[in-house]
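Structure for the following, please:
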Amino acid sequence: MPLVVGLSATAVVLAAVSSSIQFDSPDVFVVLGIGAAFFVSRLLPLRLPRGDDMVVLVLVATVAGAVYDLSSVVLAAAAAGILDALARYPGSTSQTLVTRGMGLARELSVLTIVGTLHAMSVSGIATWYVGEAAFIWAAVFGFAYSLMDIGSVAASQALLTRASFFGQAKAMMARLLPIYLVHVAMAGVVLRIYPVLGVWGFWTAVPLTLVLQNSFSMYLRVRRAYSETITSLARAGELDRAELAGHSRRVADLSVAVGRSLGFSGEELQDLAYAAMLHDIGRIGLSDDAVAQDHARRGAEIVESIPFLRGAAPLVARHHDMADEAPLGAVIVGVCSEYDHAMSRIGVEAAIRIVADGAIGKRATVSAALEVTLRRFEPTWGVLV
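Alright, predicted model coming up:
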């Protein structure tokens, strides 16, 4: 019901907005179409790893920026955002409303800044979307919008978490840029057929784009479920040992940072993060320290039984093996785990000396990378998975 009310109110409010702006007939329908497209695009937000919702408007913004004046586009986007908030108002908390308001302000700022910069810097911008040049316009405007949109979200998350902006931006680019590029490509298609279909060409692309975005959003939800499952398993291995609280997460953060510095690929970093989080899971049910030395093998058996964790099983199995025959990822997990145990007792500098003392081969390589990493360390587990 709120959705129906919101859609109905969209036409009314956008019509009122349109009547206050001087348009050459029938451009009022252009504004109504753009406003409706903005509203529909807001109905399917992406859920980020931290749980925040992010609305992707690059398709509509790119087309609207090409075919109409900036002030009208911003007004249409603002009206759609307000109506979306009204449609979702029932059941919303004050914190949710504040978050949505800040999100809308950020979206309008990005649209205004990108549109203004393009208008100031590109000669003959009003004709760029005609003919084959439509794809050039979509690439230039859309990519600039995408970078600023993702960058602004990364900046806000960096402020909230006190993490590195560049680390947040890099992680978000890896996760979100593919769906943004889909929007940019579809914007080029819409602009190419605009001379024939007009603004209603939106509706040849918006539904398809949202279907693709929904598939991507489902992928992110699955990844988040993986993260939550792994975190729960790791905590289970620490429940009966108070001194180990948070150990797995710290080892995972360090291991990913070290792996990245040693040139691990995305898939290798993922397996490394999973292995580091679960390297002590084999301790569950073991109370005798002598028996507990066998926890690596038991942990690998547990991990290997879960399909999406099988790549991490060899790293878990050999994370106490410092021989050069051991996988480099296993050595990284072992060294980072040893460092974290020592650091909790004797401090950072002394722990670094302990893991580096007498190290040779892969252990020496990892120890050196760990020391360098600790000088510029930023936690990464939350944005990696």
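
what's Ala300 in contact with, if anything?
The contact partners of Ala300, by Cβ atoms under 8 Å, 6 or more residues apart in numbering, come to Gly282, Ala313, Pro314, Val316, Ala317. Backbone N, C-alpha and C define where each C-beta goes, glycine included.

Retrieve the pLDDT associated with it.
pLDDT, Ala300: 83.

ok, back up a step: any idea which of the contacts of Ala300 is closest to Leu97?
Val316 (44.7 Å; Cβ to Cβ).

With secondary structure added, can I get the contacts of Ala300 in CSV?
Shown next, in CSV, are the contacts of Ala300 (DSSP: H, G, I helix; E, B strand; the rest coil):
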residue, secondary structure
Gly282, helix
Ala313, helix
Pro314, helix
Val316, helix
Ala317, helix
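
Quick one: which of those residues is the most crowded by neighbours?
Val316 (31 neighbours; other Cβ atoms under 10 Å).

Correct me if wrong: that one contacts Val303.
Yes: at 5.2 Å, Val316 counts as touching Val303 under the criterion of Cβ atoms under 8 Å.

Mind listing the shared neighbours of these two?
Ala275, Leu278, Ile281.

So what's the residue count around the second one?
Okay, so that is Leu278. For Leu278, the count of nearby residues is 28 (other Cβ under 10 Å).

Roughly how far does it sit from Val333?
10 Å (Cβ to Cβ, to the nearest Å).

Common neighbours of the two, please.
Val316.

What helices and strands are in contact with the top helix by length along the chain?
Within the chain, and with DSSP state H defining each element, the longest helix by residue count is helix 202-236. Using 3 or more Cβ pairs under 8 Å, 6 or more residues apart in numbering; DSSP states H and E as the contact test, the elements touching helix 202-236 are helix 27-42, strand 46-47, helix 58-67, helix 165-197, helix 247-261, helix 266-277.

which element is the closest residue to Phe38 other than its chain neighbours on?
Closest residue to Phe38 apart from its sequence neighbours, by Cβ to Cβ, 6 or more residues apart in numbering: Ala80 at 3.7 Å. Assigned by DSSP states H and E, Ala80 belongs to helix 70-87.

From the contact counts, what lies against that helix?
helix 2-19, helix 27-42, helix 58-67, helix 94-121.

hmm, 6 Å instead?
helix 2-19, helix 27-42, helix 94-121 (3 or more Cβ pairs under 6 Å, 6 or more residues apart in numbering; DSSP states H and E).

how much does it deviate in direction from helix 94-121?
170 degrees (axes from the mean of the first three to the mean of the last three Cα atoms, to 10 degrees).

Please point out which parts of helix 70-87 sit buried.
Residues 70, 72-87 are the ones in helix 70-87 that count as buried (16 or more other Cβ atoms under 10 Å).

nearest residue to Ser367 other than its sequence neighbours?
Ala356 is the one closest to Ser367 (Cβ to Cβ, 6+ apart), at 4.2 Å.

same thing with Glu267?
In space, Glu267 is closest to Gly311, 7.5 Å off (Cβ to Cβ, 6+ apart).

repeat for Ser156
Arg106 (7.2 Å).

In this structure the one you found contacts Ser152, no?
Yes: between Arg106 and Ser152 there is a contact at 5.4 Å, judged by Cβ atoms under 6 Å.

Report the residue spans of the stretch 201-350 of the chain with pLDDT below the cut-off.
Applying pLDDT under 70 to the stretch 201-350 of the chain flags residues 202, 237-244, 285-293.

now do 90
201-254, 256-257, 260-271, 273-327, 329-330, 334-335, 337-350 (pLDDT under 90).
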